[in-house]
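Visitor: Could you work out the structure for the sequence below:
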Amino acid sequence: MALFIRLPRVFNVINNCLNKQLPINNTCIVRHVGGYRGLFNNLPKKPVRKLSLPWIYKDRSQPMEIPEPTQQEEQMEKSVIEEINNQVLSKNTSRLFAIIVLAGKQFKVTENDLIVIQGYWPPNPGDKLRLEKVLLVGGMDFTLVGRPLLNRELVGVDATVVDKTFSHTKYEFRYLPRKQFKRLHMMRSQLTTLRINSIDIKGAVDEKKEVEGLDRVY
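Guide: The predicted structure follows:
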């Protein structure tokens, strides 16, 4: 019984010796390593269906063609702009709201709103500010969206610093097990309160300057 168990080992040793002595292309030696890969080569290959989005231009070597607006679309655009300009000039707009960027955060504000800025901020109570980083201004009938900011001479948001104070006491407890380390830290962050006085749209919406943004770096 032990002889039959050892026979496969003997055949493996002989096969390894012959593989080293004979050339690789010899058909007498059967190599089992990687033999399963040939089974998948004979399987029928299914056609791969490639999907593409219709709005992506396939041939990128040529410039993309932008369709020109039709006459009806141009008339509709002019009528909308005229209606907005009439509301702005006659001051018949509804209550406006704006999205501003202040101290690295975005705020959605309207008139007489109070916003709180957390952390150190230089302005003192009583200072009047004009916020120029305006992303969006809108009302009930229209919305002006910046790309990414609206022109600071078209839209303005005025604010006043109301108060500067500190937040409630925050506790931070640190503990390291088996090190006899326990620390209790108490901290208070600075808070600055602003009141939004007004949101104004100055001038016509469709007026564009030849050069913009060279006199100011945000």
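Visitor: What residues of stretch 67-85 count as buried?
Guide: 84-85 (16 or more other C-beta atoms under 10 Å). For the C-beta atoms, the positions are set from N, CA and C on the backbone; glycine is no exception.
Visitor: cool, and stretch 130-138?
Guide: Judged by neighbour count using 16+ other C-beta under 10 Å, the buried positions of stretch 130-138 are 131-138.
Visitor: lowest-pLDDT helix or strand in this structure?
Guide: helix 37-41 (a mean of 57; mean pLDDT, DSSP states H and E).
Visitor: Okay, and the beta partners of the spatially closest residue to Ala103 that is not a sequence neighbour?
Guide: Once flanking residues are discounted, Ala103 sits nearest to Ile117: 5.0 Å by C-beta to C-beta, 6 or more residues apart in numbering. Under DSSP bridges, the beta-bridge partners of Ile117 are Thr192.
Visitor: Pretty sure Ile117 sits against Ile100.
Guide: No - if you go by C-beta atoms under 8 Å, Ile117 and Ile100 don't touch, sitting 11.5 Å apart.
Visitor: Which of the helices or strands spans Glu172?
Guide: strand 170-176 (DSSP states H and E).
Visitor: Give me the residues contacting that strand.
Guide: 181-189 (C-beta atoms under 8 Å, 6 or more residues apart in numbering).
Visitor: any idea which of those is the one closest to Val80?
Guide: Of all these, Val80 sits closest to Ser189, with 45.6 Å by C-beta to C-beta.
Visitor: Give me the spatial nearest neighbour of Leu136, chain neighbours excluded.
Guide: In this structure, Leu136 finds its nearest non-sequential neighbour in Ile99, 4.4 Å apart by C-beta to C-beta, 6+ apart.
Visitor: Look up which helix or strand that neighbour falls in, please.
Guide: Going by DSSP H and E, Ile99 is in strand 97-102.
Visitor: got the buried residues for that strand?
Guide: Buried-residue list, strand 97-102, by 16+ other C-beta under 10 Å: 97-102.
Visitor: any idea how far the closest residue in space to Ser189 that isn't next to it in sequence lies from Asn197?
Guide: In space, Ser189 comes closest to Ser167 once its chain neighbours are excluded; the distance is 4.9 Å by C-beta to C-beta, 6+ apart. Per C-beta to C-beta, to the nearest Å, Ser167 is found 25 Å from Asn197.
Visitor: The two: which has the busier surroundings?
Guide: Between Ser167 and Asn197, counted using other C-beta atoms under 10 Å, the more crowded position is Asn197 (16 against 12).
Visitor: what helix or strand is that one on?
Guide: Going by DSSP H and E, Asn197 is part of strand 190-201.
Visitor: tell me the angle that strand makes with strand 97-102.
Guide: If you take axes from the mean of the first three to the mean of the last three C-alpha atoms, to 10 degrees, strand 190-201 sits at 140 degrees to strand 97-102.
Visitor: isn't His168 right up against Arg188?
Guide: Yes - proximity of His168 to Arg188 meets the contact threshold set by C-beta under 8 Å, at 7.2 Å.
Visitor: and those two? which has more neighbours close in?
Guide: Ranked by neighbour count (other C-beta under 10 Å), His168 and Arg188 place Arg188 first, with 11 against 7.
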